[in-house]
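K.L.:
Attaching a predicted model along with its sequence, questions to come.
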Amino acid sequence: MPYLAKLEKAGIPTVLVDFNDQIPSIEQEALAAGVPNIRHVTASRTIPGPEDVDRWIGPMLEMLTKPLTDQEKAESMHMPSQERILFEGTLDEAQEFYQQTRIIPDPLNAPISVYTDGLPVIVPTEERVAEMLKGTSHRPDEIITRKKGAPRFAFRGGEGDAVRFQPRLWTGTVEKVAINAVMAGCKPEHLPVVLAIAQSGVQTGTTVINHQWMCLSGPIVKEIGINAGTGMMGPGNPAGMAIGRAYQLMAINLGGAVPGVSRMSSIGSPISRGGLCFGECTEKLPPGWKGLNEDFGFKKDESVVLVQGGEGGFNGAQFSPGGYRALQKSGHGGMARRLGVKGLPGPHNWLDWILPDIWVGDREGSRIFVMVHEMAYDLYRLGFKSKDEVLEYIWKKSFEPLKKYRDRSWVDLWTNGWMGTEPTSGKPWKELPDDYMVPAAGNSPKDSYILVCGSDEEICYEMPGGVRRGEMSSVYSIDAWR
Amino acid sequence: MAERDKIYKCLNPTGIELPVKLFPLAPRLDTLDGKTIHISITGEPDITIPLEKKLRAGYPNVNWTQKKSYMPMPIPLSDEEMKTTDAVILGVCW
């Protein structure tokens, strides 16, 4: 939309072709870009292409020639106003107010909460928000900005610029974040974490299945008692549940994310339904393996949060914990048969059992491997002295012939229709033979990552999407918000 | 007054919408004939394939130009190209 706005402002008439269900989102983006009357026609998701085009090609061209209406010629300022106090009343009345819904028409035709994720919230009274704000030294009216060294993904501008929360590109203050933290059930000691998460812009993704989740690393894990062990992704841990929920409430309230209007994930994601936040179990890392904080340029005693948005399937449980133990303890069972180590006690390389199948049954691309400490130790005993060595091994196991890679549905998005350069060879994609081997796990081993958790039941999840490093890093300092 | 009847002031959790200057749309064309109209395509080609064919076949007096990106962001016109382009059609295929 900013591109169309630039053209219209430069005197070049435009028309947009998009799908009908995207119109509310288009209208919101057009307003934010300063061209609320941008002309558009809607295509069908199902009518065959030539027939569909016949329906709207005439109206589309007419939009380039039909004279402007008075409204389209108007120049003005959009000056939204906002009251700090949203509601006055008893707690019961306030609870009812914050739980209000409105019907979102097609493609939902269902009530959606205005201020919440659908569940009751802790009512954000002035007193409770004031108590929450004791969790940070930052002023309540401080605008959430990109901090030095922090990433810029999901919002526009550079260091020091206001974070633009997705998808409506609104801004927020420390107090706004604290209000959402109260509503989510957070305690004041959680606020620096929630403020660090806010720096991400709390994106909610696009039309495909999109998960948002967080992992904490460093002293904060013990400080606030976030679960880094058994069931860390499940229910029961107050800090994890509240902080995970705070992300989603910020997306709803600070970002303006509304299903069917501006949050267009087709089916949605169960991971994003209530929010997901857990801790990394650094004390059980194998010798030499670094924690998330150190891997992303922070010190061991610094607290950070990984804010992750991933698209695609969520793999895991390819084997039973009992099957894993049978492999490693006595070389027994199906896993041992496939690896050819029948009767031989471990350690055996269990990665060989799951790779490269995770890319066969699912999309190409990087993954975050969440594994229990015992399995990390098995890899360590096999000679992997760092996470990076494991990541290199995983990446190499992902190579497949170009002919096979080319048949995947989405990769040419990232290669611009095979018109770009294949990174491992440095040659144009179109010049490479069918049997040239390319990585299915992303351009670099370090696009993927490993998180070690403290559970004892042998399991590994492969979370879709990889990490961003350097300038675009998806890891944020919590200490900056204390 | 009973505790449950106490009146509380409750705060607004929503983000702050910044003021935006609203611009008029660009003046429309008097005719398509003889004009340079740019087709900007993003995403996986789908309806944009028959669209481009029908435009070129049905409107031969238009100078059609085109840029295609499989990514969500369109490939922008250069400043020089903007000087010679009369209108733009942006086709989003997602």
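P.N.:
Sure, I can see it. Worth saying up front: this structure is predicted, and the values here are computed from it rather than measured.

K.L.:
Grab the longest helix from chain B for me.
P.N.:
helix B:48-58 (DSSP state H).

K.L.:
That one and chain A, any residue contact?
P.N.:
Yes. Judged by CB under 8 Å from any CB of the partner chain, helix B:48-58 and chain A are in contact via B:49, B:50, B:51, B:54, B:55, B:58. Just so you know, the C-beta spots here come from the backbone N, C-alpha and C atoms, and that holds for glycine as well.

K.L.:
Which one of those sits in the busiest neighbourhood?
P.N.:
Compared across these, residue B:51 has the highest neighbour count, 25 neighbours, by other CB atoms under 10 Å in any protein chain shown.

K.L.:
so who does that one touch?
P.N.:
A:17, A:53, A:57, B:39, B:91 (CB atoms under 8 Å, 6 or more residues apart in numbering or on different chains).

K.L.:
Inside strands: which ones of the residues you listed?
P.N.:
A:17, B:39, B:91 (DSSP state E).

K.L.:
TSV please, covering those and showing distance to residue A:411, neighbour count and pLDDT.
P.N.:
Shown next, in TSV, are those (distance: CB to CB, whole Å; neighbours: other CB atoms under 10 Å in any protein chain shown; pLDDT from 0 to 100):
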residue	distance to residue A:411	neighbour count	pLDDT
A:17	25	22	90
B:39	24	19	93
B:91	22	27	84
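
K.L.:
if we can go back for a sec, least confident of the residues of helix B:48-58 next to chain A?
P.N.:
Lowest pLDDT within the residues of helix B:48-58 next to chain A is found at residue B:49 (86).

K.L.:
Find the nearest non-adjacent residue to it, please.
P.N.:
In space, and not counting its chain neighbours, residue B:49 is closest to residue A:49: 6.5 Å by CB to CB, 6 or more residues apart in numbering or on different chains.

K.L.:
mind checking the end-to-end distance for stretch A:301-318?
P.N.:
35 Å (CA to CA, to the nearest Å).

K.L.:
hmm, it touching chain B?
P.N.:
No. Stretch A:301-318 is not in contact with chain B by CB under 8 Å from any CB; minimum separation 12.7 Å.

K.L.:
ok, now stretch A:58-67?
P.N.:
Yes. Stretch A:58-67 is in contact with chain B by CB under 8 Å from any CB, via A:60, A:61, A:63, A:64, A:65, A:66, A:67.

K.L.:
For PyMOL, write the select line for the buried members of these.
P.N.:
In PyMOL, this line selects whichever of those come out buried by 16 or more other CB atoms under 10 Å in any protein chain shown:
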select buried, chain A and resi 60+61+63+64
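
K.L.:
ok, so of the residues of stretch A:58-67 next to chain B, who is nearest residue A:355?
P.N.:
residue A:60 (48.0 Å; CB to CB).

K.L.:
Setting the sequence-adjacent residues aside, check what's closest to that closest one.
P.N.:
residue A:41 (4.7 Å).

K.L.:
I figured that neighbour hits residue A:59, correct?
P.N.:
Yes. Contact criterion CB atoms under 8 Å: residue A:41 and residue A:59 qualify, at 5.7 Å.

K.L.:
List phi and psi for the residue of chain B found nearest chain A.
P.N.:
Using CB to the nearest CB, the closest approach of chain B to chain A is made by residue B:15 at 2.9 Å. Residue B:15 adopts backbone torsions of phi -70, psi 170, taken as degrees, to the nearest 10.

K.L.:
Excluding covalently adjacent residues, which one is nearest to it?
P.N.:
Nearest one to residue B:15, counting by CB to CB, 6+ apart, is residue A:170 at 2.9 Å.
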